[in-house]
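J.: sequence-free structure coming up:
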């Protein structure tokens, strides 16, 4: 009985990760897709666009600090739900009201703050629910949700902007969809097995034992050990370079094609989805490879 419930919640969690992360990326893409229209309608300069893009990244970074200070008693279910809900509400506010550069940038910073909670929450819930040799696949599926949203967003937003005659309406529509999805996420997400199996003694005991082991491992792994690890800094540098390239491609390619290469706006918008198409393949491939390597390591250790 307990195993059946666990399997059910694991399936629901995969759906939650996929849909919730896709919703976050969908609302995030509104700004990148409509950069030419924002410049035209609001009389902004490229430097203004850069400032607003930077505000999102600042909010995103601040959320990482905030998440690390959250007490363990706060369920990741609600952290994840608030992330999806908050990003949707911010998009609604951006679409409904006329904003100065400062107010738009401030709201986009808050959007970045909410969205920064998404991936760390997914990773921590994956660690709590799934064994080490299946986490790569689960995270890969969650990443595919975001990549598919990013791939479809340019074409969908272009259609909606033509149909509803304006970019503001698209901000509102994506925000409302995100708010609705946050309700679904709240229903089908649980932060850890303990939230589901608290009435089942055997499973609760097993989970408590596993959490105890994780706690002991965490205590032994001090911050000094992390910061003195060469691998840690290699990962940080790799992440920095990857995100630098991603920001350039996703935020500035469209303007470059329109202004320098004289492409039509419709053509330039559609090129934004090509990057995300590659991400779909990459997420699935890396996820399955990570699980295979982890399983191989476990087999070698058990010899």
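T.: Arrived safely. Since the structure is predicted, the reported quantities are computational estimates derived from the model, not experimental observations. Numbers count the residues shown, from 1 in each chain.
J.: can we go C-alpha only for contacts and neighbour counts from here?
T.: Will do.
J.: chain center to the one helix or strand residue 154 maps to: distance?
T.: Assessed by DSSP states H and E, residue 154 sits inside helix 135-164. Per CA atoms, centre = their mean, to the nearest Å, the displacement of helix 135-164 from the mean C-alpha position of its chain is 11 Å.
J.: Following element in sequence after it, please.
T.: Downstream of helix 135-164, the next assigned helix or strand under DSSP H and E is helix 167-188.
J.: Next, the buried residues of the helix holding residue 154.
T.: By neighbour count on 16 or more other CA atoms under 10 Å, the buried set for helix 135-164 is 135-155, 157-158, 160-161.
J.: Also stretch 161-180?
T.: By neighbour count on 16+ other CA under 10 Å, the buried set for stretch 161-180 is 161, 167-179.
J.: Over to stretch 271-285?
T.: Applying 16+ other CA under 10 Å to stretch 271-285 flags 271-273, 276-277, 279-280, 283-284 as buried.
J.: Distance to residue 91 and secondary structure for the residues you listed - can I get that in CSV?
T.: Output for these, formatted as CSV (distance: CA to CA, whole Å; DSSP: H, G, I helix; E, B strand; the rest coil):
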residue, distance to residue 91, secondary structure
271, 23, helix
272, 20, helix
273, 21, helix
276, 22, helix
277, 24, helix
279, 25, helix
280, 25, helix
283, 27, helix
284, 29, helix
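J.: Identify, from those, the entry nearest to residue 80.
T.: Nearest to residue 80 among the buried residues of stretch 271-285 is residue 283, at 20.7 Å by CA to CA.
J.: Give me the spatial nearest neighbour of the closest one, chain neighbours excluded.
T.: Leaving aside its sequence neighbours, residue 283 sits nearest to residue 140 (CA to CA, 6 or more residues apart in numbering; 4.7 Å).
J.: Could I get the pLDDT score of that neighbour?
T.: Listed pLDDT for residue 140 reads 86.
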